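Participant: Sharing a sequence plus its predicted fold:
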Amino acid sequence: MSQSGTWVKRIVDSRFFKEAMEKSEELFSQNKVGLLSLLRRALKKVQETASSSNLTVVKLLNRYIILFSELIKAYVQGSYTKLPLITLVKITAALLYFVMPFDFIPDFLPLVGFADDLAIVVWVGKAIKEELDEFEKHL
């Protein structure tokens, strides 16, 4: 396994991501309002991050967060229901992890604080690439 793959595995295996997965399952099964609130928080955070940086990686993070949010919103509204529940849980867990200030690498650390957030978001994005491509056709 490559070094970056090992690093992502450490984040995925961390208690922080496991906690995000558990909360994600709860949100999907019991709290649609909380799910929409999560989308607002994630979009606000990524907008703030993108406005303070012109880095390509931040643009990639921005793209994924917006796409994940649109997909979850479409699912909740019933206009796009083609995804398996596990895919929705993974997306929601990535969004939860992204908004958590204290995670594998706390967000307040300069320059590196968003590295783990980016790694998780990109990891989920790559894992569900076909589903995201299909959803983008729906837009």
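Facilitator: Structure received.

Participant: pretty sure Ala50 is touching Tyr64, no?
Facilitator: No - taking Cβ atoms under 8 Å as the definition, Ala50 is not a contact partner of Tyr64, at 11.7 Å. To be clear about C-beta, it is placed using only N, CA and C from the backbone, and glycine gets the same treatment.

Participant: ok, these two, which is more surrounded?
Facilitator: Counting neighbours by other Cβ atoms under 10 Å for Ala50 and for Tyr64 shows that Tyr64 has the greater number, 23 against 17.

Participant: Which residues are in contact with that one?
Facilitator: If a contact means Cβ atoms under 8 Å, 6 or more residues apart in numbering, then Tyr64 has 94, 121-122, 124-125 as its contacts.

Participant: what's the farthest-apart pair in these?
Facilitator: When the contacts of Tyr64 are compared pair by pair using Cβ to Cβ, the two farthest from each other are Ala94 and Val122, 9.2 Å apart.

Participant: more crowded one of those two?
Facilitator: In terms of neighbours (other Cβ under 10 Å), Ala94 is the more surrounded of Ala94 and Val122; the figures are 26 against 16.

Participant: Could you pull up the residues touching the more buried one?
Facilitator: With contacts defined as Cβ under 8 Å, 6+ apart, the neighbours of Ala94 are 20, 64, 68, 120-121, 123-124.

Participant: do you know how far it is from Thr6?
Facilitator: Counting by Cβ to Cβ, to the nearest Å, the gap from Ala94 to Thr6 is 19 Å.

Participant: got it, and Tyr75?
Facilitator: When Cβ to Cβ is the yardstick, Tyr75 and Thr6 sit 32 Å from each other.

Participant: higher neighbour count, the two?
Facilitator: Tyr75 (22 against 9).

Participant: What does that one show for phi and psi?
Facilitator: Main-chain torsions, Tyr75, degrees, to the nearest 10: phi -70, psi -50.

Participant: shouldn't Asp116 be in contact with Pro101?
Facilitator: No - counting by Cβ under 8 Å, Asp116 does not reach Pro101; the two are 12.0 Å apart.
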